[in-house]
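Novice: no FASTA, just this:
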DNA sequence: TATTTTTTTGTCAATTTTGTCCATTTTTTC
DNA sequence: GAAAAAATGGACAAAATTGACAAAAAAATA
C-alpha cells in the first residue's frame, strides 16, 4: 500500500471502468503494472468490488430516509441487525453507539413503502425517522 | 427503462467491470446491444458513474460515525451543507426533516480526526454523534 | 382498420482498444 | 553486491466500439 496504490484507488473510485492504460499515464506506469497492482489490491482485500453510482430519483426511488432504531431488548439486536440488512430497500444498516442501536438508510418508491418498512421493523424497536430532503 | 435495462443495472451494481458480452449472455443480447443500452443509461442520467467498494478498515479509516447536526440559524443551513459536503472525510451529507437539519456520514483515521471535524462543524450547529460499531 | 412511414433496437463483421502473459531488465532491499 | 520484488515491452487474447444494415415497434396516414 504505497502512494501509487492510493492514487489508483482514487482514480478507480472516480471511475471504476477507467482503463489500466489511462491510469498508468496518471501514475507513470505501464498498463500491466497497473493490472498487477489492482489484482493485488483485490486479493489483499482493499478493493471489495466495483459498483454503480445511480440516480435513484430517476429510477423511481423518490422516498429516502434514515431510520434510527432503539431496540426493545438488547437480546434481539443481533437478530434485528441481520434481518434488516437483508431488506431490499436497505442501503446501509449500522450498529451504532448511543441510545439508538441501529442506524438504517433505505430508499423507497413511495412513502407508503416507507410506512410498510416502519411497521415491519417496529417489532424490534422504536423507529425514529428522518426523511432525506436533499442529497 | 425496460426490464432488460433494470437487469443490466442490477448486474453492473454487483460488478461494474463485468464485460458487456457476459451481461449479454444473462439477458440474451449481443455485446454491442448491451454497450448501446449502457451508453443510453449514462446519457439519460440513470447511471451517474462507476465506483469502488472499499474496505475502509484496511485502508486505515477505522473510526466511522454518523453525525446529526442541529443548525443554529436556518439561514446558515445552505452554507453549512455546501461546506460540509466538500470535507474529504465525508461520505454522505443529507438535508433531512426533523429537528436535526443535516445527517452526515464520515470516515476517519482515528477518533482524534473525528473530534477535529466536530470542532469544525460546531460553528454551524450542535452535533450529535453516533459511532459506528459494526457494518 | 389496414398500411405506410418513421423510429428504435437489434445483429453481424471489421476495427480498435484493452487486458494479460511471458521473458527480460530495472529497481529495491538487506 | 546478491537476492527479491517490481516494471517493461512485445505478443496474443479478450473486450469494446463502429458502421452498415435488418427487424421490430411505434406513429402517422389513408
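Specialist: That came through fine. Remember, it's a predicted structure, so these values are computed and weren't measured experimentally.

Novice: Give me the pLDDT for the closest residue to DNA strand D within chain A.
Specialist: Here chain A gets closest to DNA strand D at one residue, residue A:30, 3.1 Å apart by Cβ to the nearest atom of the strand. For the C-beta atoms, the positions are set from N, CA and C on the backbone; glycine is no exception. As predicted, residue A:30 sits at a pLDDT of 95.

Novice: Hmm, it is touching residue A:24, no?
Specialist: Yes - taking Cβ atoms under 8 Å as the definition, residue A:30 is a contact partner of residue A:24 at 5.6 Å.

Novice: When the two are compared, which one has more neighbours?
Specialist: Legend: neighbour count by other Cβ atoms under 10 Å in any protein chain shown for residue A:30 and residue A:24, higher for residue A:24 (18 against 12).

Novice: for the more buried one, what are its contacts?
Specialist: Neighbouring residues of residue A:24 by Cβ atoms under 8 Å, 6 or more residues apart in numbering or on different chains: A:30-31, A:33-34.

Novice: how does chain A divide into domains?
Specialist: Per the record, chain A has its domains at A:3-43, A:63-131, by automatic domain parsing.

Novice: among the ones you listed, which is nearest residue B:59?
Specialist: Checking the domains of chain A against residue B:59 by Cβ to Cβ gives domain A:3-43 as the closest, at 7.7 Å.

Novice: how far does the closest one stretch from start to finish?
Specialist: 18 Å (Cα to Cα, to the nearest Å).

Novice: Over to stretch A:103-121?
Specialist: The straight-line separation of the ends of stretch A:103-121 (Cα to Cα) is 12 Å.

Novice: Go ahead and name everything in contact with it.
Specialist: Taking Cβ under 8 Å, 6+ apart as the rule, stretch A:103-121 contacts A:56, A:60-69, A:80, A:84, A:87, A:89-94, A:96, A:127, A:129, B:66, B:130, B:132.

Novice: now swap in stretch A:31-51 and tell me
Specialist: Under Cβ under 8 Å, 6+ apart, the answer for stretch A:31-51 is A:1, A:4-5, A:8-9, A:12, A:16-17, A:19-21, A:23-24, A:27, A:29, B:12-17, B:50-55, B:58-59.

Novice: repeat for stretch A:6-18
Specialist: With Cβ under 8 Å, 6+ apart, stretch A:6-18 has contacts from A:23, A:26-27, A:34, A:37-38, A:41, A:46-47, A:50-51, B:16-17, B:49-52, B:54, B:59.

Novice: so which of these also contact DNA strand D?
Specialist: residue A:37 (Cβ under 7 Å from any atom of the strand).

Novice: For PyMOL, what selects the buried ones among the contacts of stretch A:6-18?
Specialist: A single PyMOL command selects the buried members of the contacts of stretch A:6-18 (16 or more other Cβ atoms under 10 Å in any protein chain shown):
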select buried, (chain A and resi 23+27+34+37+38+41+46+47+50+51) or (chain B and resi 16+50+51+52+54+59)
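
Novice: So which of the contacts of stretch A:6-18 belong to helices?
Specialist: A:23, A:26-27, A:34, A:37-38, A:41 (DSSP state H).

Novice: For these, which two are the farthest from each other?
Specialist: A:26 and A:41 (15.7 Å).

Novice: hmm, back to that, so what's the residue of chain A closest to DNA strand D up against?
Specialist: The neighbours of residue A:30, taking Cβ under 8 Å, 6+ apart as the test, are residue A:24.

Novice: How many residues are close by residue A:82?
Specialist: Residue A:82: 10 neighbours (other Cβ under 10 Å).

Novice: Only the buried residues of the helix or strand that it is a member of, if you could.
Specialist: Element membership of residue A:82, judged by DSSP states H and E, is helix A:77-86. The neighbour-count check on helix A:77-86 (16+ other Cβ under 10 Å) flags A:77, A:80-81, A:83-84 as buried.

Novice: Name the next helix or strand downstream of that helix, please.
Specialist: Assigned by DSSP H and E, the successor of helix A:77-86 is strand A:90-96.

Novice: who's in contact with that following strand?
Specialist: A:77, A:81, A:84-85, A:101-107, B:64, B:66, B:130-135.
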